[in-house]
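Peer 1: can you look at this prediction? I've put the sequence above it.
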Amino acid sequence: MVKVLDTILSQSAYSAEIDVPFEMVDIADWLFNLPEAEYLRCCPPDHIAAGVTWTDDGRRMSINVEQIGTGLVVQHYVAEVEEAAYCRMNSISDVFTANGRTKVNVIWELIAEKMDDNRTRYTNRVTSHPTDAFMAFLQEHGVKFEDAVAARQAASGDHNRRETPLFAASIARRALAK
């Protein structure tokens, strides 16, 4: 079993405003009906593939493959909360690096907030935690945790900064098409 530490490896949150009434936004509907081509448009060239499936116990899952910095990341996001205005997704993600494969725990929060009668703020919050496997990987390869944090924070923050406005625009298109 993978034990997740309470330590934060990286964390970022970016927001974008959309000209869609809050009542029309349904993040869960968008996330679990997102065509792969639309996912790819939400952070080129980082986004590689996406799909939706279920866990063995019936929870919805979003599978995302993306390049974050120098790592190829396969995310297995299981829905912990799936609502129109808030989704909390939890993934034990596989990270493929030049030194091999490891795992990190990623919490992805997708948040819609009413700004006024015609506008909604979308926030994309991503928090990564090291796993025991990740800590062992660092030790095995002689990487200081502080160096891993700096690299992951820079790469993940840059990725989130670029994908957030594109996610927001995609959510708006979905809302307006319904």
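Peer 2: Everything's here; your move. Residues are numbered from 1 along each chain as shown.
Peer 1: quick one, longest helix in the protein?
Peer 2: Counting residues, the longest helix found in the chain (DSSP state H) is helix 145-177.
Peer 1: now the helices: where do they sit in this protein?
Peer 2: Under DSSP H, the chain gives helices at 27-32, 36-41, 132-140, 145-177.
Peer 1: would you mind confirming that Glu38 makes contact with Ile171?
Peer 2: No: taking CB atoms under 8 Å as the definition, Glu38 is not a contact partner of Ile171, at 10.4 Å. The way it works is simple: take the backbone N, C-alpha and C, and place the C-beta from them, glycine included.
Peer 1: return the set of residues that bridge with the residue most central in space within the chain.
Peer 2: The C-alpha lying nearest the average C-alpha coordinate of the chain belongs to Trp108 (CA atoms, centre = their mean; 4.5 Å). According to DSSP bridges, the residues that bridge with Trp108 are Met89, Val126.
Peer 1: and it, how far is that from Ala136?
Peer 2: For Trp108, the distance to Ala136 equals 24 Å [CB to CB, to the nearest Å].
Peer 1: quick check: the nearest residue to Glu109 once chain neighbours are set aside vs Thr55, distance?
Peer 2: Take Glu109 and drop its neighbours on the chain: the residue closest to it by CB to CB, 6 or more residues apart in numbering is Arg125, 4.1 Å away. Distance from Arg125 to Thr55, counting by CB to CB: 22 Å.
Peer 1: who has more neighbours, those two?
Peer 2: Remark: of Arg125 and Thr55, Arg125 carries more neighbours, 17 against 11, as counted by other CB atoms under 10 Å.
Peer 1: what pLDDT does the more buried one get?
Peer 2: Here the pLDDT value assigned to Arg125 is 98.
Peer 1: who are the contact partners of it?
Peer 2: 11-13, 107-111 (CB atoms under 8 Å, 6 or more residues apart in numbering).
Peer 1: and if you look at Asp94?
Peer 2: Contacts of Asp94 by CB under 8 Å, 6+ apart are 73-74, 76, 101-103.
Peer 1: hmm, 7 Å instead?
Peer 2: By CB atoms under 7 Å, 6 or more residues apart in numbering, the contact set of Asp94 is 74, 101, 103.
Peer 1: nearest to Asp116 among these?
Peer 2: Nearest to Asp116 out of the contacts of Asp94 is Val74 (CB to CB; 39.1 Å).
Peer 1: excluding its backbone neighbours, what's nearest the closest one?
Peer 2: Nearest one to Val74, counting by CB to CB, 6+ apart, is Asp94 at 4.3 Å.
Peer 1: so what's the one you found scoring on pLDDT?
Peer 2: 97.
Peer 1: any idea how far it lies from Ala84?
Peer 2: 30 Å.
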